[in-house]
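A.B. asks: Only the shape, not the letters, is given here:
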């Protein structure tokens, strides 16, 4: 029996984050049912992602903003004003979680840091993402995904091979990983509070998010004292475990262990089973370049789909290298509801990515599209006790902004 929308149903989150890492964390919590109130800058600036509209917009609405900020209510707030800070504190009085990804000390100077909030809400779970964390010699440094990928070692093992230019993975790996890590930490802290009644700070960084991606490579370095180098699509310990060229494209194959290698070789070239250069994983690693060239020559004789059918029949793990658009159309992605369509009041029907964690009793995922700037201003402020007259005064004074456009799709409810 299903018991409600998302396992975090009933948890109130006040979200001060912007850009990507913080909004990713808030997105995870919102998709799992938390009531997320996104605080945006006012009266004019908003979240910078709202303005990332060219050339990536749908009917003038930023695609970046929409995909990261669904399921959230929005409240523009001028935190430089005493009235804006007072509104923020009123929201935080009954909040369960607060999220922020400002540079070190910014919210403290506004009277909204962890120690400040604890004075009136000691049970608060305070989640912080920064470039390098709240402690250590780099704590005051600004951090970006590119910087974290370089400093964490990721870029040193990414690319075509030793001696080539450093390569950054095509996705903002540390931004998104940091957001997921913080959401995980928030859930653990909520569990601790449920047992003890204690709130706490949960702190992670882009740097640490990059470091945890190196478990495998760090293990090699710890064991040998030697820094691993880039291997293209290959693996430092197993072969073949890489991308190989077919007649019309590329395919990935994982056929490193004994039984799988045997099935793979029987499909591609049975003579390889008798070749001493390929008789064991150790031999294949010693002769990796020869093996790679041989396999590329063999696989170039057939199309990707033809090989995929043969490998599927033989029980050999393999897959195509999809473009992002091809991934969106993949039947498994669709079956797992990882690509869904929402109706946005301005952009119309838009596709978005789904929640990657499935719950049998408390399903989550995209429910409401990203809101207009100021869409929920009046309902949020009414909810914490402000009168319509007070809210209008705030709007006129530049403390907040309200989108007054009525729309069935633009409902205040989530």
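C.D. replies: Great, that's in hand. Keep in mind it's a predicted model, so treat the numbers as computed, not measured.
A.B. asks: so where do the strands sit in this structure?
C.D. replies: Under the criterion DSSP state E, the chain carries strands at the ranges 12-15, 35-41, 57-58, 61-62, 72-77, 97-100, 125-130, 200-205, 241-245, 250-254, 318-320, 339-344, 348-353.
A.B. asks: want to throw those strands into CSV with mean neighbour count?
C.D. replies: C-beta here means a position set from N, CA and C on the backbone, and glycine is covered the same way. Shown next, in CSV, are the strands of the chain (neighbours: other C-beta atoms under 10 Å):
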stretch, mean neighbour count
strand 12-15, 24
strand 35-41, 24
strand 57-58, 16
strand 61-62, 20
strand 72-77, 26
strand 97-100, 26
strand 125-130, 26
strand 200-205, 22
strand 241-245, 19
strand 250-254, 18
strand 318-320, 17
strand 339-344, 15
strand 348-353, 16
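A.B. asks: So which of those is nearest residue 193?
C.D. replies: strand 125-130 (6.6 Å; C-beta to C-beta).
A.B. asks: same for the closest one, what does it pack against?
C.D. replies: Counting contacts by 3 or more C-beta pairs under 8 Å, 6 or more residues apart in numbering; DSSP states H and E, strand 125-130 packs against helix 21-31, strand 97-100, helix 114-120, helix 173-196, strand 200-205.
A.B. asks: nearest to residue 220, of the ones you listed?
C.D. replies: Between these, helix 173-196 lies closest to residue 220; by C-beta to C-beta that is 19.4 Å.
A.B. asks: Which residues does that closest one contact?
C.D. replies: By C-beta atoms under 8 Å, 6 or more residues apart in numbering, the residues outside helix 173-196 that reach it are 8, 11, 19-29, 96-97, 99, 123, 125, 127-129, 145, 148-149, 152, 154, 198-200, 202, 204-210, 212-213.
A.B. asks: That one: how far from the chain's middle?
C.D. replies: Its chain's C-alpha centre and that of helix 173-196 lie 13 Å apart, by C-alpha atoms, centre = their mean, to the nearest Å.
A.B. asks: returning to what we had before: same list as before, the strands of the chain that is, but in TSV and with mean pLDDT and distance to residue 141 included.
C.D. replies: Formatted as TSV, the strands of the chain follow (pLDDT from 0 to 100; distance: least, C-beta to C-beta, whole Å):
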stretch	mean pLDDT	distance to residue 141
strand 12-15	98	23
strand 35-41	97	23
strand 57-58	90	32
strand 61-62	92	28
strand 72-77	97	27
strand 97-100	98	17
strand 125-130	98	9
strand 200-205	98	10
strand 241-245	97	36
strand 250-254	97	37
strand 318-320	98	39
strand 339-344	97	37
strand 348-353	97	31
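A.B. asks: Mind checking those for the one nearest to residue 300?
C.D. replies: Of all these, it is strand 241-245 that lies closest to residue 300, at 5.8 Å by C-beta to C-beta.
A.B. asks: picking up where we left off before, would TSV of the strands of the chain with distance to residue 223 be doable?
C.D. replies: Shown next, in TSV, are the strands of the chain (distance: least, C-beta to C-beta, whole Å):
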stretch	distance to residue 223
strand 12-15	42
strand 35-41	43
strand 57-58	49
strand 61-62	46
strand 72-77	45
strand 97-100	38
strand 125-130	32
strand 200-205	26
strand 241-245	19
strand 250-254	23
strand 318-320	30
strand 339-344	41
strand 348-353	37
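A.B. asks: Of all those strands, which one is nearest residue 83?
C.D. replies: Among those, strand 72-77 comes nearest to residue 83, with 9.3 Å by C-beta to C-beta.
A.B. asks: could you give the angle of that closest one to helix 21-31?
C.D. replies: 130 degrees (axes from the mean of the first three to the mean of the last three C-alpha atoms, to 10 degrees).
A.B. asks: Could you figure out how far strand 72-77 is turned away from strand 35-41?
C.D. replies: Interaxial angle, strand 72-77 versus strand 35-41 (the same axes, to 10 degrees): 30 degrees.
A.B. asks: Neighbouring strands of strand 72-77 in the sheet, and parallel or not?
C.D. replies: Here strand 72-77 is paired, per DSSP bridges, with strand 35-41 (parallel).
A.B. asks: Can you name the residues in contact with the partner strand?
C.D. replies: Strand 35-41 is contacted from outside by 10-18, 23, 26, 29-30, 46-47, 50, 69, 71-79, 88, 91, 371, 373, 376, 380, 414, using C-beta under 8 Å, 6+ apart.
A.B. asks: Would you mind finding the most buried of the helices and strands packed on strand 125-130?
C.D. replies: When the helices and strands packed on strand 125-130 are scored by mean count of other C-beta atoms under 10 Å, the highest mean neighbour count falls to helix 21-31 (a mean of 28).
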